[in-house]
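A.B. asks: Dropping a prediction and its sequence here:
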Amino acid sequence: MVGEISSFFPDKYFGFIKTEKEETYFFYQSELNFQADFEEGLILKRYEALIGDLVTFVLRPNFRPDDPPIAAGLVRMTNFYRLKMIKMATEKEFLVGTLKKRGNSFFVVHRYSGAWVQISVSNCHKKPEEWMEDRIDYWVKFKISRPKEEEKVCAYLLDLPLRKKIQLILDKIENKETLNGKVVHRSNAGITVVLKESYINGNLSIKSALNEEEKSYFDRVRIGDEISAFPLSLDLEKGIVKLDFFRPAAEKIPDDENSIECSPFSAEN
């Protein structure tokens, strides 16, 4: 049988499926529910239910003989609401939706498509759960990440207040000032740094070295070294700063839509 998940309560691990014939069936969130991956030849993955998902299922007898049968063996096929939302996200600067909470998780319901998307937060934000709790059922602005992976797409809110020290990083990007940090990892591709005070990671790519002298300097850096570098951009979703040993941020478009070179947000103390 085929149906659409019309409601789901993650804190209680159950929901309801509605079929084209307007029949409604109860289901449990179970380790026996799967997601179909057609690109990999119908490999089945563990499935976490979401409102709007199109699923196939079978009916099995209820635990109580007098009750109607329940849906089991769910296999997720796709979510047309989310596909519509993803298409709109490529055409607009940002999307608008209603903030919701199910169990301990926060979601945004896209205003036009009705798609449910879980909200992702990073350590760049100040007390995001408290901020969201106060805005349940209010309109919020958001963008989406992983638009090419419909089943993994998530939302990040554009109005979440930033930590004060994150705002300081954005100020340094704008003023072309360096940040200090400690090298915690290096590979052939680059260096990872923990930035002092803000306690978030910064990445330096070997590609930023444009001549032999710069490559030699890059090669001399070791794990444990204290370094200074120019911040180029900040990925608010992942909480990672892109760094450059040699040059500050130029007046250019960021490498991806999640990175910013100046802050459109308000910072709070």
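C.D. replies: Arrived safely, thanks for sending.

A.B. asks: and residue 70, what is it in contact with?
C.D. replies: Applying C-beta atoms under 8 Å, 6 or more residues apart in numbering, we find residue 70 in contact with 25, 26, 27, 28, 59, 60, 62. All C-beta atoms are positioned from the backbone trio N, CA, C, and that covers glycine.

A.B. asks: 6 Å - rerun?
C.D. replies: Residue 70 sits next to 26, 62 when contact means C-beta atoms under 6 Å, 6 or more residues apart in numbering.

A.B. asks: pLDDT value on it, please?
C.D. replies: Note on residue 70: pLDDT of 89.

A.B. asks: Residue ranges in the protein under the pLDDT threshold?
C.D. replies: The model of the chain has pLDDT under 70 over residues 31-47, 251-269.

A.B. asks: where exactly do the helices run in it?
C.D. replies: Taking DSSP state H as the criterion, the chain carries its helices at 80-89, 128-133, 164-175, 212-220.

A.B. asks: so residue 8 sits right up against residue 15, yeah?
C.D. replies: Yes. Distance between residue 8 and residue 15: 3.4 Å, which falls inside the contact criterion (C-beta atoms under 6 Å).

A.B. asks: Now for those two: what residues contact both?
C.D. replies: Counting by C-beta under 6 Å, 6+ apart, the residues touching both residue 8 and residue 15 are residue 49.

A.B. asks: before we move on, the earlier item: want to try TSV for the helices of the chain, with distance to residue 190 and mean neighbour count as columns?
C.D. replies: Shown next, in TSV, are these (distance: least, C-beta to C-beta, whole Å; neighbours: other C-beta atoms under 10 Å):
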stretch	distance to residue 190	mean neighbour count
helix 80-89	30	19
helix 128-133	29	15
helix 164-175	19	18
helix 212-220	9	12
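
A.B. asks: Could you dump the ones you listed into CSV and include distance to residue 231?
C.D. replies: What follows is the helices of the chain, written out as CSV (distance: least, C-beta to C-beta, whole Å):
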stretch, distance to residue 231
helix 80-89, 27
helix 128-133, 22
helix 164-175, 5
helix 212-220, 17
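
A.B. asks: need the strands for the stretch 51-200 of the chain, in chain order.
C.D. replies: Ranges of strands within the stretch 51-200 of the chain are 54-60, 70-78, 95-102, 105-110, 116-118, 139-145, 154-157, 179-186, 190-195, based on DSSP state E, counting those that start in this stretch.

A.B. asks: quick one: the third one to helix 80-89, angle?
C.D. replies: Same thing as strand 95-102. 140 degrees (axes from the mean of the first three to the mean of the last three C-alpha atoms, to 10 degrees).

A.B. asks: What residues sit buried inside strand 95-102?
C.D. replies: 95, 97, 98, 99, 100, 102 (16 or more other C-beta atoms under 10 Å).

A.B. asks: Would you reformat the strands of the stretch 51-200 of the chain as TSV and include distance to residue 216?
C.D. replies: Putting the strands of the stretch 51-200 of the chain into TSV (distance: least, C-beta to C-beta, whole Å) gives the following:
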stretch	distance to residue 216
strand 54-60	56
strand 70-78	52
strand 95-102	47
strand 105-110	48
strand 116-118	46
strand 139-145	37
strand 154-157	39
strand 179-186	15
strand 190-195	14
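
A.B. asks: Ok, which of these comes nearest residue 233?
C.D. replies: Closest approach to residue 233 among those (C-beta to C-beta): strand 179-186, 12.5 Å.

A.B. asks: which residues touch the closest one?
C.D. replies: Applying C-beta under 6 Å, 6+ apart, the contact partners of strand 179-186 are 191, 192, 193, 194, 195, 196, 202, 223, 225, 226, 228, 231.

A.B. asks: Which one of those residues is nearest to residue 167?
C.D. replies: Set against residue 167, the nearest of those by C-beta to C-beta is residue 231 (12.4 Å).

A.B. asks: what's the neighbour count on residue 152?
C.D. replies: Per other C-beta atoms under 10 Å, the neighbour tally for residue 152 reads 10.

A.B. asks: measure it to residue 50 for me?
C.D. replies: According to C-beta to C-beta, to the nearest Å, residue 152 and residue 50 sit 11 Å apart.

A.B. asks: Same check on residue 144?
C.D. replies: Applying C-beta to C-beta, the value for residue 144 to residue 50 is 14 Å.
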